[in-house]
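Novice: Here is the input, now give the coordinates:
(2 chains)
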Amino acid sequence: MSSCGKITSVAGTVIKAETVKPVANYEVARVGRERLLGEVIRIDGNVADIQVYEEIDGIHVGEPVEFTGELLGIDLGPGLLGSVLDGIGRPLSGITDNSKGSIFLERGFLARSLDPLKKWVFTPAKKAKDPVYPGDIIGFVREGTGFLHQVMAPPGVKAGPVSTILPEGAEVMVDETVCILENGPEIGLCQRWNVRTPRPFREKLPFNEPLITGQRVLDTMYPVALGGAAVVPGGFGTGKTVTQQSLAKWCNAEMVVYIGCGERGNEMTEVLEEFPHIIDPHTGRTLMERMVLIANTSNMPVAAREASIYLGMTIAEYFRDMGLNVALMADSTSRWAEALREISGRLGEMPGEEGYPAYLGSRLAQYYERAGRVRTIGVPDRKGSITIFNAVSPGGGDFSEPVTQASLRLSGAFWALDKRLAESRHFPSINWKRSYSLYEKALQPFFRENLGDEWKEGASFLKALLDRESELLSLVQIVGRDALSEQDKWDLEMGEIIRIGFLQQNAFDPLDSFNTPKKQMLFTRTLRELHSTVSEGIGKGVLHHNVQPLDLLRGVLILRKSGEENFPGDASAWLTKVRRSLADMEEPCR
Amino acid sequence: MKLYREGSRLVKGISGPLIFVGNARNAALGEIVEIQTERDSRMGQVLQVDGDICAIQVLEGTLGLNPGSCTIWFERDVLKVRLGQALMGQTLNGRGLPRDGRPMACYEKEVPITGSPLNPSMRESPNEFVETGISSIDLLNTLVRGQKLPIFSGSGLPADEIAAQIVRQAHVPGNPEKFLVVFAAIGITEREARFFRDSFEETGALFNGVFIVNLASDSAVERLLAPRTALSIAEFFAFEKGYDVLVVMTDMLHYSEALREVSSAREEAPGRRGFPGYLYSDLAGLYERAGCIRGVKGSITQIPIVSMPGDDMTHPVVDLSGYITEGQVVLERGLQARGVYPPINVLSSLSRLMNKGIGEGRTFPGHRQVADQLFASYARSREVARLRLIVGDEGLTEKEKHYLEFGSVFEKEFLNQGDRARNIEESLFEALNALSVLPDEELYRIPSDLLEEIRRSRADVK
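Specialist: Next up, the predicted model:
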């Protein structure tokens, strides 16, 4: 039921309106003659505070406000795949179609997230008399070049037997009904869901499977579990966006929802230009066909930034309910928190830490807890997951600020980006000392089963050696490099080889940008063998400065370009060569 | 002349640059008002409306305003700037009027200076190399057409000179006749403004540039309008007339301080260092007005200058600028002290769009690798220099001594180019020359053909 009101006050992104009839909290409102979209966020007597999702310059006091009686929702259905939406679910390509080719965003524009006229070919999975419960798969349509978009009975539908269902091959548009139940409910191709309400599931499952990112430093040293949450904080220029984009490109999730929340417009363009041309190594389709992009760039209205992460989460949950593993990336949580702060400031609320509202932590928690690995409702029985990768942009690169700290409490993996590493162009610039993963233990059985004990040993070897290296580096600061023992000098060099050869990974080199866990394990094995081989030689009297000309680092850099199949062969050939040179050096020592 | 307009005489209070007016019927956010006194007439903009009371920022300042004797006329319009080809070669004030104060009579259109956000799905990735003639930018932090690349500078460091040098030397690919400089002086001193004017006059940029000047002595509120006016003009020339526009804005710190001044007069809750919580969104509204558009010829490239108070990169204005822009050029006092010009710290500088503008067909094959090698080696040489302070020369190995020498050649010869322009080949030559100091096994990133060249140059020296 819609009702009307009148604007009484305007400040920044928040307006006050007098209402005639009572309105609901978070009810959607259309503000002013231009009918800008907004949402009620506070009610005081007959005055409602409304956050407006569009620029409100030029809005007069006294203009009308229409309260729609609905909460902010989105249509979920075929056509989402590969689309670009703004923070409140309007397709950005659609905006320009309607505003006659303007390159700028126009105001007050209303568009559906799904194309209402496109026809989809339906294949039923149920037949007449079959019982239908909420969440049941009743059929599917094919989207893109092969994605099976499951059509599910919406949560909350009254269960009952099928009365009629469309036959195989029927062409249907998103607003049409595909199935009618005997007790009345009609199930359409698309369903509407309020973005602030979590979609239901049957139960949460434990974290026991990793999400493979293809990044050596992450998978081998700080893995994240399917359904887990990883936080990627870093000051500007530390490579947050490149890291996020690498994850979006190479992780083995079946669906990626990427939220550009208050970041640069050109970064969205980059994704839009690049992803349609990159083939997903896991499915063979283009990356755009497993992607939904939400672009609410920094210059777009602040309130929509606040809504954008709920929108992204709702879309992720919808695909999770189909039984898919979804990766949700938000870049960046800090911009979302700032939007929250700005709106809270306009409302005149009492500020908490650094001006952020006191409810920052609880809002973040509501968001993070919507992630996880679940058994979905409905039949057939499905397992799906949402894994969160959230970038955080702490002011001045200081991780003690409230948004980083609140995110850390809620997530299980912490990948700290480091300015000094970024400055020497060490990418991904993930600091191996500060980062951690709480999923390591839970994932151990999985790795043991698939790759043997070597996986864990390899990771401990890398960590121990890097630790030893930093110890030695501080020692060198005091006594100089010459005072070290030969073995220590070699450990130092080995540390460098691991840092440059293994931890660094070139996101722009097609041969290096993605590594399977198998190859990561072979790589670590080679490094371990290299270390023990040379250590042995040094034990037999070889001097470290004789090892240096072997150019081991270059060898490792060449080796890492070998494909997974050739890797064992190439590695052992190279190691044999190294062994032989070492043996030649041992001769004169005797 | 308007036949009818509404006004109010009920000025309830004056605070800093703001006046609070009652009896304002149906005022709009951002609306322009005329403030008429016995002696003069001023201009204001509505910041906030609450019922029939509104807060108005006065562009000329509130000095001498008497609540009893002024009338506020509501213009029922937002602040607009007049656009037309005739702007070329003009000097305007912060709100887009020629310095004589009379609006331009001939114009093609009028647009609100706040502009609208660009639709991200209509953008095109910037991907054309812009040769600035400065080695440390061209080779290591490449500027790309349509990028926003600020210069972070401390007091006394030559940011102005470098910006002027870029304007003088930059070659934008494509049509050189369709190149235009829009310069926004935001709260800078007469001396700095004069420097830029003289420098642009020398190069001829003055004749087809547009200059928006708000001096330190001008109103602080107008400072908030100056960059918006400049960018509206830039958008007009870029996206409607097909020009490649280079926008230089100096100094964004002054802009942010003006924002803080108005915010504190409005008694808003202060964020870091007293700046308002919406500083990020506000700055983004400016910096994001740059880029290339699909199917449109022109482009906007931005070079804002941001002062770092006390050389502090974590200062909120600098920090937030870094989060919004596509990289940064950082000036360093240590280099300046060692007599290096331009004193660009290449390690903390960054160009995020670099990869799109370099490589075969754009600059030269192997550009990325050479840049990576220079970064890694120079970072190492700085580490060694620090180590040397503790352990002395005797504590260093042979290899470390090579690095030390590399660092000094890199700074003295590669960075220190003076105000001469170097083309990309010359820059590469200097880079390889510096790298030739290091032994081959340290040059593990360099592709073999360039390594060959380094060996040759080493042999030449011998």
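
Novice: how about the residues of the stretch 251-400 of chain A near chain B?
Specialist: A:260, A:262, A:264-266, A:268-270, A:272-273, A:295, A:297-300, A:302, A:335, A:338-339, A:341-342, A:345, A:351, A:354-355, A:393, A:395-398 (CB under 8 Å from any CB of the partner chain). C-beta here means a position set from N, CA and C on the backbone, and glycine is covered the same way.

Novice: change it to 7 Å
Specialist: Counting by CB under 7 Å from any CB of the partner chain, the stretch 251-400 of chain A comes close to chain B at A:264-266, A:268-270, A:272-273, A:295, A:297-300, A:302, A:338, A:341-342, A:345, A:351, A:355, A:393, A:395-397.

Novice: again with the stretch 401-550 of chain A
Specialist: Contact residues (CB under 7 Å from any CB) of the stretch 401-550 of chain A with chain B: A:423-425, A:477, A:480-482, A:508, A:549.

Novice: Output these in TSV; the columns should cover pLDDT, neighbour count and secondary structure.
Specialist: Formatted as TSV, these follow (pLDDT from 0 to 100; neighbours: other CB atoms under 10 Å in any protein chain shown; DSSP: H, G, I helix; E, B strand; the rest coil):
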residue	pLDDT	neighbour count	secondary structure
A:423	81	21	helix
A:424	80	19	coil
A:425	81	21	coil
A:477	82	15	helix
A:480	78	20	coil
A:481	79	20	helix
A:482	80	12	helix
A:508	77	11	coil
A:549	82	11	helix
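
Novice: right, and out of the residues you listed, which lies closest to residue A:77?
Specialist: residue A:508 (36.3 Å; CB to CB).

Novice: who are the neighbours in contact with the residue lying closest to residue A:188 once chain neighbours are set aside?
Specialist: Take residue A:188 and drop its neighbours on the chain: the residue closest to it by CB to CB, 6 or more residues apart in numbering or on different chains is residue A:177, 5.3 Å away. Contact analysis of residue A:177 by CB atoms under 7 Å, 6 or more residues apart in numbering or on different chains lists A:186-188.

Novice: so where is the stretch 251-400 of chain B shaky, pLDDT-wise?
Specialist: Residues of the stretch 251-400 of chain B meeting the criterion pLDDT under 70: none.

Novice: Now do the strands in it.
Specialist: Using DSSP state E, counting those that start in this stretch, the strands of the stretch 251-400 of chain B run over residues B:291-293, B:299-307, B:327-331, B:344-351.

Novice: between the longest one and strand B:327-331, how many degrees?
Specialist: Relative orientation of strand B:299-307 with respect to strand B:327-331: 40 degrees, computed using axes from the mean of the first three to the mean of the last three CA atoms, to 10 degrees.

Novice: Include neighbour count, secondary structure and pLDDT when you put the contacts of residue A:177 into a markdown table, please.
Specialist: A markdown table is the format used below for these (neighbours: other CB atoms under 10 Å in any protein chain shown; DSSP: H, G, I helix; E, B strand; the rest coil; pLDDT from 0 to 100):
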| residue | neighbour count | secondary structure | pLDDT |
| --- | --- | --- | --- |
| A:186 | 13 | strand | 93 |
| A:187 | 22 | strand | 93 |
| A:188 | 18 | strand | 92 |
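
Novice: Which single one of those residues is nearest to chain B?
Specialist: Closest approach to chain B among the contacts of residue A:177 (CB to the nearest CB): residue A:188, at 27.5 Å.

Novice: wait, that closest one sits on residue A:176?
Specialist: Yes - applying CB atoms under 7 Å, one finds residue A:188 in contact with residue A:176, separated by 6.5 Å.

Novice: Narrow the residues of the stretch 251-400 of chain A next to chain B to just the buried residues.
Specialist: A:264-266, A:268-270, A:272, A:295, A:297-300, A:302, A:338, A:341-342, A:345, A:351, A:355, A:393, A:395-397 (16 or more other CB atoms under 10 Å in any protein chain shown).

Novice: Return the subset of the residues you listed lying in strands.
Specialist: If you go by DSSP state E, those have residue A:295 in strands.

Novice: Contact partners for the residue lying closest to residue A:314 once chain neighbours are set aside?
Specialist: Distances taken as CB to CB, 6+ apart put residue A:195 closest to residue A:314, at 4.6 Å, once the chain neighbours are dropped. Contacts for residue A:195 (CB under 7 Å, 6+ apart) come out as A:72-74, A:307, A:310-311, A:314.

Novice: Recalculate using a threshold of 8 Å.
Specialist: A:72-74, A:89, A:307, A:310-311, A:313-314 (CB atoms under 8 Å, 6 or more residues apart in numbering or on different chains).

Novice: Distance to residue A:254 added to the residues you listed, as JSON lines?
Specialist: Putting the contacts of residue A:195 into JSON lines (distance: CB to CB, whole Å) gives the following:
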{"residue": "A:72", "distance to residue A:254": "27"}
{"residue": "A:73", "distance to residue A:254": "25"}
{"residue": "A:74", "distance to residue A:254": "20"}
{"residue": "A:89", "distance to residue A:254": "22"}
{"residue": "A:307", "distance to residue A:254": "26"}
{"residue": "A:310", "distance to residue A:254": "22"}
{"residue": "A:311", "distance to residue A:254": "20"}
{"residue": "A:313", "distance to residue A:254": "17"}
{"residue": "A:314", "distance to residue A:254": "18"}
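
Novice: of those residues, buried ones?
Specialist: Using 16+ other CB under 10 Å as the burial test, these include A:72-74, A:89, A:307, A:310-311, A:313-314 as buried.

Novice: Show the contacting residues for residue A:449.
Specialist: Contacts of residue A:449 (CB under 8 Å, 6+ apart): none.

Novice: How about the one 3 residues further on?
Specialist: Contacts here follow CB under 8 Å, 6+ apart; on that basis residue A:452 touches nothing.

Novice: Per-residue pLDDT of it, please?
Specialist: Here, the pLDDT recorded for residue A:452 equals 90.

Novice: quick one: it and chain B, what's the gap?
Specialist: Counting by CB to the nearest CB, to the nearest Å, the gap from residue A:452 to chain B is 32 Å.

Novice: Please apply the same query to residue A:26.
Specialist: Applying CB to the nearest CB to residue A:26 and chain B gives a distance of 22 Å.

Novice: Same question for residue A:244.
Specialist: As defined by CB to the nearest CB, residue A:244 lies at a distance of 13 Å from chain B.

Novice: Where does that residue sit, in terms of helix or strand?
Specialist: According to DSSP states H and E, residue A:244 maps onto helix A:240-250.

Novice: After that helix, which helix or strand is next? Please name it.
Specialist: Assigned by DSSP H and E, the successor of helix A:240-250 is strand A:255-261.

Novice: Just list what that following strand packs against, helices and strands only.
Specialist: Applying 3 or more CB pairs under 8 Å, 6 or more residues apart in numbering or on different chains; DSSP states H and E, one finds that strand A:255-261 makes contact with helix A:240-250, helix A:265-274, strand A:291-296, helix A:302-321, strand A:325-331, helix A:333-346.

Novice: Name the residues of the stretch 1-150 of chain B found near chain A, please.
Specialist: Residues of the stretch 1-150 of chain B lying near chain A (CB under 8 Å from any CB): B:25-31, B:47-52, B:78, B:112, B:114-126, B:146.

Novice: meant to ask about the stretch 301-450 of chain B
Specialist: Neighbours of chain A within the stretch 301-450 of chain B, by CB under 8 Å from any CB: B:313-314, B:316, B:319-320, B:322-324, B:326-328, B:347-348, B:350, B:352-353, B:355, B:368, B:372, B:375-376, B:379-380, B:387, B:390-392, B:394-397, B:399-400, B:441, B:444.

Novice: these two touch, right, residue A:32 and residue A:59?
Specialist: Yes - here residue A:32 reaches residue A:59: they are 4.9 Å apart, a contact under CB atoms under 8 Å.

Novice: what touches both of the two?
Specialist: Joint contacts of residue A:32 and residue A:59 (CB under 8 Å, 6+ apart) are residue A:7.

Novice: What about the nearest residue to residue A:380 once chain neighbours are set aside? Give its phi and psi, please.
Specialist: Closest residue to residue A:380 apart from its sequence neighbours, by CB to CB, 6+ apart: residue A:137 at 6.6 Å. Per-residue torsions, residue A:137: phi -80, psi 120 (degrees, to the nearest 10).
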